[in-house]
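Undergrad: with the input below, show me the fold.
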Amino acid sequence: MNDLYTMIWKEWKDFLLSGGRSDFLRPLLILFIMGIFLPLSFKTRWLNLEPAPVLIILYTPFMFVTSFIGDAIAGERERHTLETLLASRISDRAILLGKVLVVVGFTWGMNLFCLLFGAIVVAWSQGQWRFYAPLNLLMIVLVISFLVILLAASGGVLISLKSATVRQAAQNMLLGEMLLGFFVYLVVRFLPPSLIASLTTSQVVSITLLTLAALDAILLAAALVSFQRSRLILG
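TA: So this is what the prediction gives:
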């Protein structure tokens, strides 16, 4: 557990400070888009959690993670800091989990903050305090958001492990996004309409949650198995 805390602290400092001003611009850009621009554009539709705002709330953090997660291992390899990290006594599992947890925690925390800030912005623009409704739908959106962010982080770390450079990792991430989108399209396209019509909202939510959780578990397990210190040192 101490190894994991050490790795989280190291990654947190690198995540916030290593890139200079650009590292502060990314969350500010997300805050502007998710906390100001989109809430003002949708107004009450944003607080009512209509389909379009919900899709944006889920997809924007996913894109945010995929834009830089390729740096997780490939970036260390390019900067020649991977050898130093692997030479430490921190366990393989702690190294990988530390990288994933910092990305997931930061992105999901930003999503929560943007949603709260967005509610304040809409209330200010309307001159009347309102919050997201219904609250149970907000809770579901937050859980799905967490699973989607974890999906992007787990898959991104796995891709970064297999990539020689950050550029190659970014290209592989783009290919992975396209394949994921195509897979979702095929599932929706070829499911019998009668089956879709027979599903209740709670059943659709349950299937979505279970599917995302299963994908997260598979990708994270694959990344943990692939992260082998001896192989990475030789590579």
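
Undergrad: any stretches of the chain with poor pLDDT?
TA: 15-24, 230-235 (pLDDT under 70).

Undergrad: which strands and helices lie in contact with the one helix or strand residue 13 maps to?
TA: Of the helices and strands defined by DSSP states H and E, residue 13 is found in helix 2-17. Counting by 3 or more CB pairs under 8 Å, 6 or more residues apart in numbering; DSSP states H and E, the packing neighbours recorded for helix 2-17 are helix 21-32, helix 92-126. Bear in mind the C-beta positions are built from the backbone N, C-alpha and C, glycine included.

Undergrad: in a markdown table: these, plus mean neighbour count and distance to residue 50.
TA: Converted to a markdown table, the helices and strands packed on helix 2-17 look like this (neighbours: other CB atoms under 10 Å; distance: least, CB to CB, whole Å):
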| stretch | mean neighbour count | distance to residue 50 |
| --- | --- | --- |
| helix 21-32 | 12 | 21 |
| helix 92-126 | 19 | 13 |
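
Undergrad: and those: which comes nearest residue 219?
TA: Counting by CB to CB, residue 219 lies closest to helix 92-126 out of those; the figure is 9.9 Å.

Undergrad: and the closest one, what does it pack against?
TA: If contacts are counted by 3+ CB pairs under 8 Å, 6+ apart, helix 92-126 sits against helix 2-17, helix 21-32, helix 38-42, helix 44-47, helix 51-66, helix 135-162, helix 201-226.

Undergrad: check contacts around residue 144.
TA: With contacts defined as CB atoms under 8 Å, 6 or more residues apart in numbering, the neighbours of residue 144 are 58, 208, 209, 212.

Undergrad: please disregard the earlier target; I meant residue 162.
TA: Residues in contact with residue 162 (CB under 8 Å, 6+ apart) are 172, 226.

Undergrad: give me that answer again for 10 Å
TA: 73, 74, 168, 169, 172, 223, 226 (CB atoms under 10 Å, 6 or more residues apart in numbering).

Undergrad: SS state for the nearest residue to residue 137 once chain neighbours are set aside?
TA: Spatially, and ignoring its direct neighbours in sequence, residue 137 is nearest to residue 49 (5.2 Å; CB to CB, 6 or more residues apart in numbering). Here residue 49 is recorded as coil under DSSP: H, G, I helix; E, B strand; the rest coil.

Undergrad: check contacts around residue 49.
TA: 42, 57, 115, 132, 133, 134, 135, 137, 138, 140, 141.

Undergrad: of all these, which comes closest to residue 152?
TA: Nearest to residue 152 among the contacts of residue 49, counting by CB to CB, is residue 57 at 14.3 Å.

Undergrad: so how far is residue 179 from that closest one?
TA: Distance, residue 57 to residue 179, by CB to CB, to the nearest Å: 23 Å.

Undergrad: ditto for residue 3
TA: As for residue 3, its distance to residue 179 is 34 Å (criterion: CB to CB).

Undergrad: ok, back up a step: to residue 146, which of the helices and strands packed on helix 2-17 lies closest?
TA: Closest to residue 146 of the helices and strands packed on helix 2-17 is helix 92-126 (CB to CB; 5.3 Å).
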